[in-house]
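1. Got a predicted structure plus its sequence, pasted below:
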Amino acid sequence: MSTLEIRGLHVSVAAQAGESREILRGVDLTVTAGQTHAIMGPNGSGKSTLAYSIAGHPKYRVTSGSVTLDGRDVLAMSVDERARAGLFLAMQYPVEVPGVTVSNFLRTAVTAVRGEAPKLREFVREMNGAMAALSIDPSFAQRNLNEGFSGGEKKRHEILQLQMLNPKIAILDETDSGLDIDALKVVSAGINAYRQSPDHGVLLITHYTRILRYVRPDFVHVFVGGRIVAEGGPELADELEASGYERFLAMEGAPA
């Protein structure tokens, strides 16, 4: 089984006047295939920083700690190497890429991850099947990537990528943001289809419990002040829904 292991992770970002500001202050987390972990926390707590740091965003500088996937040093890999190793990031704010169609983007990505170009007919059949499962109109494949997409379309496309690339560990950064209830159900169904495989692990980052009603996690981690301050099962998400983050905010200034 694949395992993503994060140990003592500290991450800083450039601030004004050339100074750096520490955002992650010692994160320890293990995600194993067959498990779904939910990270919940208030705005500005560092949840997205964790996701982007694992994926290799150049804005974020790892100052100490380690990230490994099946024992391999993720931090020593380039971004594309991380993707080929089996990591996937569904972004909170997918970017527009004018002039590149969804179909061309997906075929290029699939080729890069699999190491060889799929036969066109087989690729089209696979893509159309994945789009149908996500209630995506076939004409979607010829549209420019994320250009003019609604929030729901962007998030469905992120899950379409997830289905096509078939990573070992999927990191989903607020995939539920901006979705109406119908789109949320479709996106959740796509995530659930992916995690049916015992070879897949999910790290789901969210503010709210509404997606967790459809994608039930095995573990919930409360993220405050750049670190995990509490852990539990699905019942912890229910507690957060009822009481909010107030009792955990007092832990923000405590030693990591």
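-> Arrived safely, thanks for sending.
2. isn't residue 157 right up against residue 149?
-> Yes: using CB atoms under 8 Å, residue 157 is in contact with residue 149, at 6.9 Å. To be clear about C-beta, it is placed using only N, CA and C from the backbone, and glycine gets the same treatment.
3. Between these two, which has more neighbouring residues?
-> Shown here are residue 157 and residue 149; by other CB atoms under 10 Å, residue 157 has more neighbours (23 against 18).
4. What residue, apart from its backbone neighbours, is nearest residue 216 spatially?
-> residue 234 (5.9 Å; CB to CB, 6 or more residues apart in numbering).
5. shouldn't that neighbour be in contact with residue 209?
-> No: the pair residue 234 and residue 209 fails to qualify as a contact (CB under 8 Å) at a distance of 9.3 Å.
6. more crowded one of these two?
-> residue 209 (19 against 16).
7. So that one sits against residue 236, correct?
-> No: counting by CB under 8 Å, residue 209 stays clear of residue 236, with 10.0 Å between them.
8. distance between the helix or strand bottoming out on mean pLDDT in the chain and the chain's centre?
-> Ranked by mean pLDDT, DSSP states H and E, the helix or strand of the chain with the weakest confidence is helix 246-249, at a mean of 87. Its chain's average C-alpha position is 25 Å from that of helix 246-249, according to CA atoms, centre = their mean, to the nearest Å.
9. And stretch 153-163, by the same measure?
-> Per CA atoms, centre = their mean, the displacement of stretch 153-163 from the mean C-alpha position of its chain is 11 Å.
10. do stretch 184-202 as well
-> Its chain's C-alpha centre and that of stretch 184-202 lie 12 Å apart, by CA atoms, centre = their mean.
11. buried sites along that stretch?
-> Going by neighbour count (16 or more other CB atoms under 10 Å), the buried part of stretch 184-202 is 184, 186-191, 194-195, 200-202.
12. Go through those and name the one nearest residue 26.
-> residue 201 (22.0 Å; CB to CB).
13. Report pLDDT for the closest one.
-> pLDDT, residue 201: 98.
14. Could I get the contacting residues of it?
-> By CB atoms under 8 Å, 6 or more residues apart in numbering, residue 201 lies in contact with 2-4, 31-37, 168-170.
15. Now rank these by neighbours and give me the top one.
-> residue 170 (27 neighbours).
16. Report the backbone C-alpha coordinates of the least confident helix or strand of the chain in CSV.
-> Only the C-alpha atoms of helix 246-249 are listed here, as CSV (Å, rounded to 0.1, in the frame of the first residue of the first chain):
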residue,chain,number,x,y,z
GLU,A,246,-13.3,28.5,19.1
ARG,A,247,-12.0,26.0,21.6
PHE,A,248,-9.1,25.1,19.2
LEU,A,249,-8.0,28.7,18.5
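17. Find the residues that touch each one of residue 209 and residue 236.
-> Here residue 209 and residue 236 have no joint contacts, going by CB under 8 Å, 6+ apart.
18. Residue 29: what's its closest spatial neighbour, skipping adjacent residues?
-> In space, residue 29 is closest to residue 6, 4.5 Å off (CB to CB, 6+ apart).
19. Confirm the one you found sits in a helix?
-> No: read with DSSP: H, G, I helix; E, B strand; the rest coil, residue 6 is strand and lies in no helix.
20. Return the backbone torsion pair for residue 27.
-> Here is the backbone geometry of residue 27 (degrees, to the nearest 10): phi -100, psi 130.
21. The one 4 residues further on now?
-> The main-chain torsion angles of residue 31 are listed as degrees, to the nearest 10 and equal phi -120, psi 120.
22. cool, residue 147 as well?
-> Dihedral angles for residue 147 - degrees, to the nearest 10 - are phi -80, psi 120.
23. Which residue is the nearest non-sequential neighbour of it?
-> residue 96 (4.7 Å).
24. Relative to residue 83, how far out is that neighbour?
-> According to CB to CB, to the nearest Å, residue 96 and residue 83 sit 20 Å apart.
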